[in-house]
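Trainee: below: sequence and its predicted model.
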Amino acid sequence: MDRNPGALRGALRARPPSRCVGYGLGRFCSCPVARRQLALLLLLLDELGLPPSQCFVFDPAFSQQELALLAELGLRLLPENEEGKHRVGEAATLFYMIHCGKALYNNLLWSNWALGALSKMVIIGNSFRGIEERLLSRILERDYSYIAKVLKGTEEIAFPSHPQYTDTFNDTSIHWFPLQKLKELSCEVWECVEEPTYQECEDLEIIRKEDSVSP
C-alpha cells in the first residue's frame, strides 16, 4: 500500500465528494485522539472545498456539549443511529470512519452493494487489507462478507506514518472502488445481498440502534 502523502491528496482530489458522512468521532472533549481526528476531518473539508453543512456526523457516545460544539462548527447531526447503513444515492460521498468497528464498514458496503453506488464512495478508515490479514478467512467471510467480497474491487492507500500520531491514524487508509475494477468481479459477488445480522459474531464492536442511549 502506498504511503505517499501526495498520493493520498491526489486520491481525494481525483474523486471530489459533494458530501461527507463521519461516524465514530468519539468523545473529543475529553480524548486527545478524538480531537485530532476531528481536526483532520475539518482540514479535509477545507481541502476539498466542502462546506461544513455538507458533513453529517454521528456517534452514540457524543455528549450534549459535544453536540453543541459540532453545531457551532456547522456540522450536521444524523437523526439516528444508522449502524453504518447510509445510502449514497446520487451524491459522491466521503465516509470518514477512523477506528470504527468492522461491522460498520460491512454495513455501509451492504447498503450500497451496487456498481453505481460503490463507485461513488471514498472511505477513510481502518485498512481493509489489514482486516483481511488479521482475521481468519472463515471469520471474515462469515461475519464481514461484504468486506471480503469487495477486496478485489478496492484501491487502497495507507495514511503516512508519523511518530507523533501513531495512536491516532494507525492502520488508517483511504479506500475507493473504481468502476472498472468492480465490473471485473464475478457475477456471484453481486447475487447475495442479504442484510448482515452478526448472529455468530462474538465481538461486534458497534453500538446497535436499539442499544443507543441519549447523551
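Mentor: Yep, it's here.
Trainee: which strands and helices lie in contact with the worst-scoring helix or strand of the chain on mean pLDDT?
Mentor: When the helices and strands of the chain are scored by mean pLDDT, DSSP states H and E, helix 5-14 comes last with a mean of 72. Helix 5-14 sits against helix 32-48, strand 155-158, strand 172-176, with contacts defined as 3 or more CB pairs under 8 Å, 6 or more residues apart in numbering; DSSP states H and E. Heads up, the C-betas are built off the backbone N, CA and C, glycines and all.
Trainee: okay, the angle between that helix and helix 32-48?
Mentor: Angle, helix 5-14 to helix 32-48, by axes from the mean of the first three to the mean of the last three CA atoms, to 10 degrees: 60 degrees.
Trainee: send me helix 5-14 as PDB with only the CA atoms.
Mentor: Extracted as PDB, the C-alpha positions of helix 5-14 are listed here (Å, rounded to 0.1, in the frame of the first residue of the first chain):
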ATOM      1  CA  PRO A   5       1.100  11.900   1.300                       C
ATOM      2  CA  GLY A   6       0.900  13.300  -2.300                       C
ATOM      3  CA  ALA A   7      -0.800  10.200  -3.500                       C
ATOM      4  CA  LEU A   8      -3.200  10.400  -0.600                       C
ATOM      5  CA  ARG A   9      -4.100  14.000  -1.500                       C
ATOM      6  CA  GLY A  10      -4.300  13.100  -5.200                       C
ATOM      7  CA  ALA A  11      -6.700  10.200  -4.500                       C
ATOM      8  CA  LEU A  12      -9.100  12.600  -2.800                       C
ATOM      9  CA  ARG A  13      -8.900  15.300  -5.400                       C
ATOM     10  CA  ALA A  14      -9.400  12.800  -8.200                       C
END
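Trainee: helix or strand right after that helix?
Mentor: On the C-terminal side of helix 5-14, the closest following helix or strand by DSSP states H and E is strand 19-23.
Trainee: pull up the pairing partners for that following strand, direction included.
Mentor: According to DSSP bridges, strand 19-23 forms sheet pairs with strand 55-58 (parallel), strand 93-97 (parallel).
Trainee: skip the chain neighbours and tell me the closest residue to Asn126.
Mentor: Counting by CB to CB, 6 or more residues apart in numbering, Asp171 is the residue found nearest to Asn126 once chain neighbours are left out, at 5.5 Å.
Trainee: mind checking pLDDT for that neighbour?
Mentor: The confidence metric pLDDT takes the value 90 at Asp171.
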